[in-house]
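>>> Dropping a prediction and its sequence here:
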Number of protein chains: 2
Amino acid sequence: MSSLILNRRDIEFMLYEWLDAEKLTELPRYRDHNRETFDAVLDLSEQMASERFANHNKLNDSNEPWFDGERVHMIPEVKVALDAFGEAGLVAAGQDYELGGMQLPTVVEKACFAWFLAANVGTAAYPFLTIGNANLLLAHGSREQIETWVKPMMEGRFFGTMCLSEPQAGSSLADVRCLAEPQEDGSYRLTGNKMWISGGEHSLSENIVHLVLARTPGAPAGVKGISLFIVPRQLVNADGSLGERNDVVLAGLNHKMGYRGTTNTLLNFGEGKFQPQGKAGAVAYLVGQEHKGLVYMFHMMNEARIGVGLGAAALGYTGYLHALDYARERRQGRSVTNKDPSKEPVRLIDHADVRRMLLAQKAYVEGGLALNLYCARLVDLEREALDEERDQHTLLLDILTPIAKSWPSQWCLEANNLAIQVHGGYGYTRDYNVEQFYRDNRLNPIHEGTHGIQALDLLGRKVVMHNGAALELLTQLILQSSQRAAAQPELAEYAAELDAALYRLLDVTGQLHAADFLELTLANASLYLETMGHIVLAWIWLEQMLVAQGHKLAGQPDDFYLGKLQAGQYFFRWELTRTGPWLDTLSALDSTCLDMRDNWF
Amino acid sequence: MSSLILNRRDIEFMLYEWLDAEKLTELPRYRDHNRETFDAVLDLSEQMASERFANHNKLNDSNEPWFDGERVHMIPEVKVALDAFGEAGLVAAGQDYELGGMQLPTVVEKACFAWFLAANVGTAAYPFLTIGNANLLLAHGSREQIETWVKPMMEGRFFGTMCLSEPQAGSSLADVRCLAEPQEDGSYRLTGNKMWISGGEHSLSENIVHLVLARTPGAPAGVKGISLFIVPRQLVNADGSLGERNDVVLAGLNHKMGYRGTTNTLLNFGEGKFQPQGKAGAVAYLVGQEHKGLVYMFHMMNEARIGVGLGAAALGYTGYLHALDYARERRQGRSVTNKDPSKEPVRLIDHADVRRMLLAQKAYVEGGLALNLYCARLVDLEREALDEERDQHTLLLDILTPIAKSWPSQWCLEANNLAIQVHGGYGYTRDYNVEQFYRDNRLNPIHEGTHGIQALDLLGRKVVMHNGAALELLTQLILQSSQRAAAQPELAEYAAELDAALYRLLDVTGQLHAADFLELTLANASLYLETMGHIVLAWIWLEQMLVAQGHKLAGQPDDFYLGKLQAGQYFFRWELTRTGPWLDTLSALDSTCLDMRDNWF
C-alpha cells in the first residue's frame, strides 16, 4: 500500500511548494520538463515501489541470499523488480538523453528513488550502487569506458559496485593493499581482497562492474598512492558481447543484522581460480590517472553520502507511516481524565505520549528527507550554474554533506526505534514491519563513512576550508531564513532561537580551532556534528514553516500545513533546545573523553 | 569467556565497597552468611553462566524454538543449562531454608543472576519468570498452594509464568476478559486467551504453573474486578505426582526481533482441546481472595521491574565489554596528529571518539547496574526492617522502581547501539555478538510496563503518593550524598550540579501538579521520567565517585577507581547537563504534543 511507503502530499510540498523544482525547468538541461513530466515519473515510482518492491521486502529479509560455494541464490522477486526498474528507464533517469536518460533533475530523481528505498532498501541498493558507479565513470572514465561499461548499466543490463574497504583496513583507506600491476597492453592485473562490498556477487545482471581502489607498484604510501580501476566480473569483447570470466571470486557473504536483501561480500581478486587470457590476476582497467583514485572517489562521495542520508530518511519515513496507521487503528487504554472501564478503549493516537512519539518521528523523518532533497537540488544547481555561482553551490554541498548523511542515520533510526515503541509488543515481532526498518536503518551510521568519520570531516575540514567560506555561506542562508521568519509574529520566537544557536555555534567553532592542540580540537567532533546537525535541521524546519505559515496567512490553513507548523514547533521546543548543553560542553573544550585512559576502563 | 560477560571487580565494588552487603549479615535472616559464602555463589554463577549459558546464546538466537503444531522444539543446550541451574539450587537462592533455599540476600542473588542475564537472556528468562511466580505465591498463596506449586519450582522441576496481557488489551489490564467460573469443589474453570506469555509452552520442565489474571462472573468492570488464578499445564494429584493434562493450549509462538531463546506465546485456556476431569474449561485455583488479583500482582511488580532493569543493564554491560575488547585488539586508522601511513595503525581505543563511545557505555551500564543493585538491597532492608523503617524502604523502592526499570531499558539499549558502532561493519554482522545484544535489549522498554506506563506511574502516582513522602525521602538521601561530596574539593562541582538539578526537579514537580488540567500535567510524563532518571543516575554516580575518591585520598588511586571517577565525570558533564532543556520544557508546561491533532499528522 503506497500510503505506508511515503506521503506523496509531503513529497510534492517539498518539491513544488518549498524547493520550487519547477523553476529548474528554466535551466537549459531541464527545458523539456515541467510539473507534468515530474509527476509522471513520481507516479511511476510510487506505483512500481508499491507493486514490485514493497511486495517482497519482508521475504527478502527472512530469506536472505545464500551462497552454495559456487553461486549466490536469492528469491526471484528481486530480479523481477530490478528488471522492471531497468526497463522503465529509471537507472538512467538523471542522465543525458544521449545515454538513454531522461535528464531529470537530481532533486526529482532522488524524490522518485526515495520511494524505492522506503519500499525495499535491500532490493533498491542494487540500482543505488549502479547509479553511483556510473556517475563516477561518467565524470572520470574515458569515452571508451563509458561506452563499454556505463551504457549497459544505463540499460539495466550491467550492475555496478564500489570496492573501497579491505578486511584489515575498514574505514582507513590509507591502508588499502590491493595491488594492480601494469601490463604491456595498457591494462592491469589486480590482486587482493575487498570487504563489505554490497552487490559484489549475484545473478541479477549480465555483468558486474566493480570500481576498485588499489595501489600500483611503487606508489606512495597512504591515500596519495591509490588508483581507481574498473574490474568487471566478465570481460567484454570488442563488440560488446560478454567474454571470459575474470578472476573476481566471491569468498563469502556477510550475514547482517538487517539490509539482508543486498548481498554483502568479501571478494578475492586474482587469487587464481580463473586465468583470464591465460594469465594470473584479475584484469583491471585504470580510470583516469594513477594515484588519483581517491580524488575521483571523493568527487562522487557527496552524492553517495546524500544517497545514504536519503535512504535513512526514507526508512524512517515508512516506519513513521506504519506507526501512525497503527496508532489510528489500535484501541487501547483510556484517557487519563476518564478511565471508565465500561467505555470503549480510546485509540492509541488519543494518548498524548503516543502523539509525542509520532510527532518526534514526523519531525525527524520529514526534516531528514527535506534536508536531503535540498542537497539534491544543490547538485542540480551546481551542475548547471555559471562558474561563480557553481562554487557557492559546491561549498554549500560540501559543508552540508556530512550532516545530510549522518543526521538522518542517527535520528531517523531513532524514528524507527519509536515506531517499534508505538506498536508495543507487536512492534517487536516479525509479523509487523517496523522491527525490520530499524534493523535495516542501523547500517546507515556505519557505511559510506561512519558517524565519527563524518564528524572529523565536518569539524576538521569542511568548516575551515577556504578560510571558513562554506560556514560563512551557510550562516548567511540561515540568517536570511530567520530574517524572513522574524517578520512573522507566529514564527519570530523560532527565528530568534535559531539565530542564538547559530551564533553560539560560530563562537564555539572559533574556540575549537583556536585550541593549540589538534587532538583537543577534534576530540569532541561527534558532538560538534550532532550540534550543527540539529541547528541545520532547525533551519530546514523553519524553511518549511515559512511555506506553511504563508498558506495559513493566505487563508488556507489546511491540516497539512498545521501539521508542518506543529512538527516545526516540536523541533524547536524539544530538539533544538538539546543543543544548549552540547554547546556548553564543546565551548568548555571538555577533555573527559580525550583524557580517558585505556587501563581505566 | 566470563571476562566478556560482566566485570567481577565492579560487581564486588558495588556489593562490598559501596552497598556494604556484608553488613546485611547482621540481620537475623542472613546471619549464616559472610563474604565467603557470597563469593562462593558469585563464583558458581560466573562459572555456570560462562560454561552453560554463554555457550549457546548465539545458537539460541539463530535456532529459535519452533512449534510443529503439537510440541515446541528447541536446542538441547537450553535444558542442560536449566537443569544445572536448578540442581545447583539457584532457583531457590533467595528463599527460606525450609523451602530448600539459601536465604541469600536479594542484592547478592541479583548480582549472581546478572551473570546469567548477561550471558544468555533467552535461557535465563525461564528461571527469572519462575522465581517471580514463586515469590508471588509465597506472599499470597495458601500453604497447600505453596506445597503443591512452589516447592517443585524451587527444585527446578516446575517452571512458572505470568499471564497478564490479552490480544485485545495489551497494557490495558482493565480490559482483561478471561473468565473464571467457580465450581462446587472450590476450584474454577477458566476460559479465554492470553498474549505475550513468555515461557508459556516448552518441554524444559515437568510442569508449567501459569499465574493468570481473570474475571469472575459478575465481577466489577475494570481492574477492580480482576482475580488471580493458578492454572497448571498438568494437574497434580494429591500425592504430588503429575495428573491429567489441563486445557491450556499453545495457539502459536510469537517470532520476535530478539530474545528469541525464550518462547513467547499466545495461549488458549479452556478452548476444549482437553476435557480435564471430563469437563470443559481449564482447571484454575484462586489465589487469595477474589477481585484482589491486581493488588497481588502489583505487590510483586517492583521486584519484576527491577529484574527487567537488571536484565537491561546486564545486556548493556556485556555489550560494553565486547566493544572494549574489540577496541583494544583492532588496529585501524591513525592519530589526528600523526597520519604517517608508513607507521602501524593505532588501536581503535586510541581514537578519542571511540573512547567517547566506550565511556558513554561504561557510564550507562555501570550506572544502570548500580541502581538496580541499590534497589535490590532495599528489598532486603524492607523485608527485615522494623515497621517504621520498613515504610521508608518501601517508599523509596516505590519511587525508584519506574526509573530502575526504564532508565537501563533506554540507556543500556543505547549502550548496545554504541557497542555496534565501535565494531563498525563487523558489529552489524551476526558473526559478532553485539547486534544480538541490541535486539535482545530492545524488548525491555516494552514489557513489564512500557516506558510510557512507567512515566505515568512515576509522575501520576509515585511522586504524589502519601503527600509526596517518597519524593521527599529521595530528596533527603540525594542531599546527604551531595553534602558529603561537597566536602571533597574534587567532587564539589558535581555536588553543586546535582543539587541544582534536584531543586529544579522539585520545583517542576510542583508546577506540573499545580496545573488545573490533568491531561496537561501528565502530557509530558515520559520527559519527566527521563529527567528524573538522569538526576537519580547522577546521584548513583556521585555515590560511586565518593567511594572511589575515598580510595584515591587514602593513597590507593588504582586504575579501577580512576575509571570510576572519569566515568562519573562523563556522566555529569555529558549526561546530567541534558536535563537543563528538559526541565525548561517541563516547566513551561509545553503542550506541543498534547495539542497535536490526529488529522494534522
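Everything's here; your move.
>>> Output the below-cut-off pLDDT ranges for chain A.
A:1 (pLDDT under 70).
>>> quick one: the helices in the stretch 251-400 of chain A?
Taking DSSP state H, counting those that start in this stretch as the criterion, the stretch 251-400 of chain A carries its helices at A:293-329, A:352-384, A:387-423.
>>> Please produce TSV containing those helices, extended by distance to chain B and mean neighbour count.
Quick note: C-beta positions are derived from backbone N, CA and C, even for glycine. Below are those laid out as TSV (distance: least, Cβ to the nearest Cβ, whole Å; neighbours: other Cβ atoms under 10 Å in any protein chain shown):
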stretch	distance to chain B	mean neighbour count
helix A:293-329	5	24
helix A:352-384	4	25
helix A:387-423	6	24
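>>> can I get those helices in CSV with distance to B:D516?
Conversion of the helices of the stretch 251-400 of chain A to CSV gives the following (distance: least, Cβ to Cβ, whole Å):
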stretch, distance to B:D516
helix A:293-329, 28
helix A:352-384, 17
helix A:387-423, 29
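>>> For A:P65, which of those is the nearest?
Of all the helices of the stretch 251-400 of chain A, the one in closest proximity to A:P65, counting by Cβ to Cβ, is helix A:293-329 (19.0 Å).
>>> counting contacts, what elements does the closest one pack onto?
Packing contacts for helix A:293-329, counted by 3 or more Cβ pairs under 8 Å, 6 or more residues apart in numbering or on different chains; DSSP states H and E, involve helix A:106-119, helix A:121-140, strand A:207-215, strand A:226-232, helix A:352-384, helix A:387-423, helix A:434-441.
>>> Next, the buried residues of stretch A:468-485.
Residues of stretch A:468-485 classed as buried: A:468-471, A:473-474, A:478-479, A:481-482, A:484-485 (neighbour count, 16 or more other Cβ atoms under 10 Å in any protein chain shown).
>>> and of the helices of the stretch 251-400 of chain A, who's closest to A:L129?
Distances from A:L129 to each of the helices of the stretch 251-400 of chain A were compared by Cβ to Cβ, and the smallest falls on helix A:293-329, at 8.9 Å.
>>> Could I get the full set of strands for chain A?
The residue ranges that make up the strands of chain A, judged by DSSP state E, are A:66-67, A:72-73, A:158-163, A:179-182, A:188-198, A:207-215, A:226-232, A:234-236, A:242-245, A:248-253, A:264-269, A:282-286.
>>> between the ones you listed, which gets nearest to B:L235?
Distances from B:L235 to each of these were compared using Cβ to Cβ; the shortest belongs to strand A:66-67, at 46.6 Å.
>>> chain center to that closest one: distance?
Strand A:66-67 has its average C-alpha position 27 Å from the chain's average C-alpha position, going by Cα atoms, centre = their mean, to the nearest Å.
>>> Sheet partners, orientation included, of that strand?
Based on DSSP bridges, the pairing partners of strand A:66-67 within the sheet are strand A:72-73 (antiparallel).
>>> Tell me which residues are up against the strand it pairs with.
Residues outside strand A:72-73 that contact it (Cβ atoms under 8 Å, 6 or more residues apart in numbering or on different chains) are A:65-67, A:201-203, A:250, A:253, A:263.
>>> Stretch A:324-344 too?
By Cβ under 8 Å, 6+ apart, the residues outside stretch A:324-344 that reach it are A:4, A:345-351, A:354, A:358, A:361, A:422-424, A:426, A:432, B:169-172, B:174-175, B:221-223, B:456, B:460, B:518-519, B:522, B:598, B:601.
>>> can you pull the buried residues of that stretch?
With the criterion 16+ other Cβ under 10 Å, stretch A:324-344 contains buried residues A:324, A:326-327, A:330-334, A:336, A:341.
>>> how distant is it from the center of its chain?
In terms of Cα atoms, centre = their mean, the centre of stretch A:324-344 is found 38 Å from the chain centre.
>>> how about that stretch as CSV, C-alpha atoms only?
Coordinates of the C-alpha atoms in stretch A:324-344 are reproduced here as CSV (Å, rounded to 0.1, in the frame of the first residue of the first chain):
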residue,chain,number,x,y,z
LEU,A,324,0.8,6.4,12.5
ASP,A,325,-1.5,3.9,10.8
TYR,A,326,-1.3,1.5,13.8
ALA,A,327,-1.9,4.3,16.3
ARG,A,328,-5.1,5.3,14.5
GLU,A,329,-6.4,1.7,14.3
ARG,A,330,-5.5,0.2,17.6
ARG,A,331,-7.7,0.9,20.6
GLN,A,332,-6.0,0.5,23.9
GLY,A,333,-6.4,2.1,27.4
ARG,A,334,-8.4,5.2,28.3
SER,A,335,-7.9,8.9,28.7
VAL,A,336,-6.1,9.9,32.0
THR,A,337,-9.2,12.0,32.7
ASN,A,338,-11.8,9.3,32.1
LYS,A,339,-10.8,5.8,33.0
ASP,A,340,-14.4,4.4,33.0
PRO,A,341,-13.8,0.8,32.1
SER,A,342,-17.3,0.4,30.7
LYS,A,343,-16.4,2.8,27.9
GLU,A,344,-14.7,1.6,24.8
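>>> Burial check on A:H551, number of neighbours?
A:H551 is flanked by 18 other residues according to other Cβ atoms under 10 Å in any protein chain shown.
>>> Distance check, it against chain B.
Using Cβ to the nearest Cβ, to the nearest Å, one obtains 14 Å as the distance from A:H551 to chain B.
>>> Same question for A:S171.
Following Cβ to the nearest Cβ, the distance that separates A:S171 from chain B is 6 Å.
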